[in-house]
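Trainee: The sequence and its predicted three-dimensional model are supplied below.
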Amino acid sequence: MTVLALVIFTVALIAAFAGMILPVLPDIPIAALGALLAAWLIGFQTFGLFALVWVAVLVVLAFVLDYAAAALGAKGYGASQAGLIGGVAGSIVGIIMFPPLGFIVGAFVGAVLAELITDRQMDEAIRSGVGALVGTLGGLVIKAAILIVIAIIVYPRLF
């Protein structure tokens, strides 16, 4: 069962990393589900409840920090509320129209367009777009780091 648990968690972790750029895969939750399945396969007592609690905390932390990074990035570069909303909307449109990395360009374009629609100057709009881009990339880095920490927590328990 240990080998099966190792394979399941590894596949879940790879899918989670892929989910960072593919919108159909919920990145961090896939890794958490893989950890839970691995724990179930080898036995929760062997795996440890403490490790599962840490994985759950990291999942919540990933969601909070991902959204905070996007907002702080845009706000830090002077985005208005319209720019924040435009960045999110642009990310969604970008990933649908230009998968898998369209959400990055979409965040920039959406923020810039939203700022221009609300009568901001071009230089302010571009600065807001850069902030949305920086925030989106920051969120990716945070999620990647959290996936690595989840792997560091889970793998030793599978050997």
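Mentor: Looks like it came in fine.
Trainee: Which residue is the nearest non-sequential neighbour of residue 52?
Mentor: residue 39 (5.8 Å; Cβ to Cβ, 6 or more residues apart in numbering). The C-beta positions use only the backbone N, C-alpha and C, and glycine is treated the same way.
Trainee: any idea of the pLDDT on the one you found?
Mentor: With respect to pLDDT, residue 39 scores 96.
Trainee: tell me, how many neighbours does it end up with?
Mentor: 23 (other Cβ atoms under 10 Å).
Trainee: That one sits in which helix or strand?
Mentor: helix 27-42 (DSSP states H and E).
Trainee: model confidence over the helix or strand just after that helix, on average?
Mentor: Using DSSP H and E, the next helix or strand after helix 27-42 towards the C-terminus is helix 44-47. In this model, helix 44-47 carries a mean pLDDT of 92.
Trainee: With stretch 71-80 instead?
Mentor: Stretch 71-80 comes out with an average pLDDT of 85.
Trainee: Can you show me the CA trace of that stretch as PDB?
Mentor: Taking C-alpha atoms only, stretch 71-80 is exported to PDB below (Å, rounded to 0.1, in the frame of the first residue of the first chain):
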ATOM      1  CA  ALA A  71      -4.800  42.500  -4.800                       C
ATOM      2  CA  LEU A  72      -1.600  43.800  -3.200                       C
ATOM      3  CA  GLY A  73       0.300  43.700  -6.500                       C
ATOM      4  CA  ALA A  74      -2.300  45.800  -8.200                       C
ATOM      5  CA  LYS A  75      -2.900  48.100  -5.300                       C
ATOM      6  CA  GLY A  76       0.800  48.500  -4.900                       C
ATOM      7  CA  TYR A  77       1.100  49.800  -8.400                       C
ATOM      8  CA  GLY A  78      -1.900  52.200  -8.000                       C
ATOM      9  CA  ALA A  79      -4.800  50.200  -9.400                       C
ATOM     10  CA  SER A  80      -8.300  51.500  -8.600                       C
END
